[in-house]
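*Asks:* Sharing a model that was predicted from the sequence below.
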Amino acid sequence: MTGSRLRTPVPPPGAGPPPPLPVLLVVDSLDCGAAERYVADLAVALRRRGWPVHVACSVGGVRAACLAAAGVPVTVLLDEPVERRLSGRYERALKQLVADLRPAVVHAHLFASAAAAVHAVRGRPVPLVVTEHTEGPWRDRRARAVRGLVYRHADRVVALSSAIRDLLVTGYGVAPERVEVLLPTTAAPPAGGRATPDPGRPVVGLVGRLVPEQGVDVFLRAAVLVSAVVPQVRFLVVGDGPLRPDLEHRAAVLGLADAVTFTGYRSDVPHVLAGLDVLAVPSRFDGSPLAVCEAMAAGVPVVASRVGGLPDLVEDGGSGLLVRPGEAEDLARALVSLLLDPEAARRLGARGRRLAASRSHERLVDRMTQLYAGLAGAAAR
């Protein structure tokens, strides 16, 4: 891939809809994570606009059903997941798929898929777009070296937050003109009305994978403090992951067994969010979680850690409150302030709804299709 192609500008917003092009979206799996949801929503939106879109992954998952319902073809390349690791089998299978499909653009997401996509397009006039969903705090020296290689070969890198963009530019040396920040948005319409069976008890929820970086342990410690002030409050932990047994045990030890409900994976997250009084996002590290966008679209105020892409999504004091990561006392204080002042919570929720409306998924897809068209046109020339 030549340097001139990397610097090719794309049409500005408002330049009119580009003609449909065959696009291959590549993601590690179609599991229940936010990145997988992002890819599935993008694929469905492209399909509805008449774009010939295909999704490739190492293994399937819960998102496969919505793609099948929308008529989006999916190719599962392996019989095991490739999360956060390199796989020669995955690279070879993806390279063959690119040769068979001959897409106009390949758009890769997550560590293993982006690395495999670099090999898959090598020697072909196929532009590569990479979306960076996270700052990748887990990466060791080798993983950072691999990611640097990916950025050097990508024609364009889409960052889901300004924090990610800054890391790409200062930490990996990516030229600023090759990075575009596109905040994520929800494709789901906001659910209306409260969904909780007992509207007399306020509900604070957390939505995400049950992994260390999500800070669910901080949420549980804060729940103890909040319950001491607002004893009627209930807590929902929506999602699944490797830490679930430990977290359920921890909740029981903290005396929260009757106050906290672990729902596991839910396919109706917008409906669940509509039933919350406050969404808590106590992440230690995070990108730009779609649950925040969905909560704001539903008019639910958000209390989130001041990390990663969360400050891009949540206006501190405007659409929610930002707190220090890892600090249960800070989180509890912010939650109590909204639970005891419903009018303030409503103001924050209303502002969040307006912000969410201004960040529509249709506009994101508009920009993405312009990006594809500009890069594909440059490659053809």
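*Replies:* Cool, got the structure.
*Asks:* Which residue, neighbours along the chain excluded, lies closest to Gly318?
*Replies:* Leaving aside its sequence neighbours, Gly318 sits nearest to Arg351 (Cβ to Cβ, 6 or more residues apart in numbering; 5.1 Å). Where C-beta positions appear, they are placed from N, C-alpha and C, glycine not excepted.
*Asks:* Now do the contacts for that neighbour.
*Replies:* 315, 318-319 (Cβ atoms under 8 Å, 6 or more residues apart in numbering).
*Asks:* Now do the one helix or strand it maps to, average pLDDT.
*Replies:* In this structure, Arg351 sits in helix 342-358 according to DSSP states H and E. Average pLDDT, helix 342-358: 94.
*Asks:* helices or strands up against the next helix or strand after that helix?
*Replies:* Downstream of helix 342-358, the first helix or strand assigned by DSSP H and E is helix 361-380. When contacts are defined as 3 or more Cβ pairs under 8 Å, 6 or more residues apart in numbering; DSSP states H and E, helix 361-380 sits against helix 3-6, helix 34-48, strand 105-109, strand 128-132, strand 156-159.
*Asks:* nearest to Asp286, of these?
*Replies:* Taking Cβ to Cβ, helix 34-48 is the member of those nearest to Asp286, at 9.2 Å.
*Asks:* Need the residues that contact the closest one.
*Replies:* Helix 34-48 is contacted by residues 23, 25, 27-30, 53, 55, 61, 63, 66-67, 70-72, 109-110, 131, 133, 184, 186-188, 208, 287, 289-291, 361-362, 365, 368-369 when judged by Cβ under 8 Å, 6+ apart.
*Asks:* before we move on, back to that, where's the residue nearest to Gly318 relative to Ala274, distance?
*Replies:* 17 Å (Cβ to Cβ, to the nearest Å).
*Asks:* Ok, Arg234 next?
*Replies:* From Arg234 to Ala274 the distance is 15 Å (Cβ to Cβ).
*Asks:* where does the protein dip in pLDDT?
*Replies:* Where the chain drops to pLDDT under 70, the residues are 1-16, 190-199.
*Asks:* Which parts of it are strands?
*Replies:* Taking DSSP state E, the strands of the chain run over residues 23-26, 53-57, 74-76, 105-109, 128-132, 156-159, 179-181, 203-207, 234-238, 260-264, 278-281, 302-305, 320-323.
*Asks:* Run through who's touching the second one.
*Replies:* For strand 53-57, the surrounding residues in contact (Cβ under 8 Å, 6+ apart) are 22-30, 39-40, 43, 46-47, 67, 72-77, 94, 97, 101, 103, 113.
*Asks:* and these, which are buried?
*Replies:* Buried subset of these (neighbour count, 16 or more other Cβ atoms under 10 Å): 23-30, 39-40, 43, 46-47, 67, 72, 74, 76-77, 94, 97, 101, 103, 113.
*Asks:* related to what we said a few turns ago, which stretch among the helices and strands packed on helix 361-380 comes nearest Val323?
*Replies:* Per Cβ to Cβ, nearest to Val323 of the helices and strands packed on helix 361-380: helix 34-48, 20.6 Å.
*Asks:* what angle separates the closest one from helix 361-380?
*Replies:* 80 degrees (axes from the mean of the first three to the mean of the last three Cα atoms, to 10 degrees).
*Asks:* Dump helix 34-48 to CSV, keeping only the CA atoms.
*Replies:* Extracted C-alpha coordinates of helix 34-48, given in CSV (Å, rounded to 0.1, in the frame of the first residue of the first chain):
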residue,chain,number,x,y,z
ALA,A,34,-19.8,-4.0,22.3
ALA,A,35,-17.4,-4.2,19.3
GLU,A,36,-19.4,-7.2,18.0
ARG,A,37,-22.6,-5.2,18.4
TYR,A,38,-21.0,-2.3,16.6
VAL,A,39,-20.0,-4.5,13.6
ALA,A,40,-23.4,-6.2,13.4
ASP,A,41,-25.3,-2.8,13.5
LEU,A,42,-23.0,-1.4,10.8
ALA,A,43,-23.5,-4.5,8.6
VAL,A,44,-27.2,-4.4,8.9
ALA,A,45,-27.3,-0.7,8.1
LEU,A,46,-25.1,-1.1,5.0
ARG,A,47,-27.3,-4.0,3.9
ARG,A,48,-30.5,-1.9,4.2
